[in-house]
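K.L.:
Here is a sequence together with a model predicted from it:
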Amino acid sequence: MKVSELPPPNVFDRLCPSRGVLEHVTSRWGVLVLGALHERGYRFSELRRRVSGVSEKMLAQTLQTLERDGFVLREAHPVIPPRVDYSLTPLGREAAELVAALAHWSERRVPAVEAARESYDVRTAGASA
C-alpha cells in the first residue's frame with residue numbers, strides 16, 4: 001500500500017501510527033526530556049540531573065526513542081573522554097513547545113487540583129462511612 005493510500009491519521013484508532021507518536025511524546029520521561037531540551041541542549045549527565053528521578057536506563061531509552069522519532073538530535077564528539085550532546089530537531093522543538101505549555105499549565109494549576117482532590121476525598125469518605 002502506498003502512503004497516499006493510507007487512511008487519514010486518527011489517534012483514536014488503535015492501529016494508527018499517530019498513537020505511538022503520542023505515547024512517546026507524552027510518556028512521563030518523554031514530556032520531561034522534551035521540556036528540558038526545550039530550555040537548551042544538554043549532555044547526558046546534565047540531562048539526567050535536570051530530569052530528577054529518571055534512571056540512566058530510562059533516560060537512554062527515552063532519548064533513543066525520541067531520536068528515532070526525529071525529535072532529538074544526538075551529536076557524539078570524537079574527544080577523550082567521549083562527549084555526547086542532545087538537542088531538539090525542528091520537529092522536536094515543535095513538540096516541546098506543546099508539552100512545555102502543558103507542563104507549565106500543570107504547575108500553575110496544582111492548587112486547584114489539590115483543592116479538587118480534598119473535596120473529592122471528603123465526599124467519598126462520607127459516602128463510605
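P.N.:
Thanks, I have it.
K.L.:
Tell me how far Val21 lies from Leu91.
P.N.:
According to C-beta to C-beta, to the nearest Å, Val21 and Leu91 sit 10 Å apart. (C-beta placed from N, C-alpha, C; glycine too.)
K.L.:
Over to Val54?
P.N.:
22 Å.
K.L.:
for His77, same thing?
P.N.:
23 Å.
K.L.:
Leu37 now?
P.N.:
Leu37 is 12 Å from Leu91, where distance means C-beta to C-beta.
K.L.:
Neighbour count for these two, which is higher?
P.N.:
Higher neighbour count among Leu37 and Leu91: Leu37, with 26 against 12, using other C-beta atoms under 10 Å.
K.L.:
right, and that one touches Ala95 too?
P.N.:
No - taking C-beta atoms under 8 Å as the definition, Leu37 is not a contact partner of Ala95, at 10.1 Å.
K.L.:
for this protein, what are the low-confidence residue spans?
P.N.:
1-4, 129 (pLDDT under 70).
K.L.:
Okay, helices next: where are they in this structure?
P.N.:
Shown for the chain, the helices assigned by DSSP state H span residues 17-26, 28-39, 44-50, 56-68, 90-108, 110-128.
K.L.:
To what extent is the nearest residue to Glu75 once chain neighbours are set aside buried, counted in neighbours?
P.N.:
Using C-beta to C-beta, 6 or more residues apart in numbering and skipping residues adjacent in sequence, the residue nearest Glu75 is Asp85, 4.7 Å away. If you count neighbours by other C-beta under 10 Å, Asp85 ends up with 15.
K.L.:
I figured Asp85 was touching Arg43, is that so?
P.N.:
Yes - counting by C-beta under 8 Å, Asp85 does reach Arg43; the two are 5.8 Å apart.
K.L.:
how near is Val31 to Gly92?
P.N.:
According to C-beta to C-beta, Val31 stands 13 Å off from Gly92.
K.L.:
Let me fix that, I meant to ask about Arg49.
P.N.:
Distance of Arg49 to Gly92, computed by C-beta to C-beta: 20 Å.
K.L.:
And for Phe12?
P.N.:
Distance check for Phe12 against Gly92: by C-beta to C-beta, it reads 24 Å.
K.L.:
So for the two, which sits in the more crowded spot?
P.N.:
A direct count of neighbours by other C-beta under 10 Å for Phe12 and Gly92 places Gly92 higher, at 23 against 7.
K.L.:
Many thanks, I have nothing further to ask.
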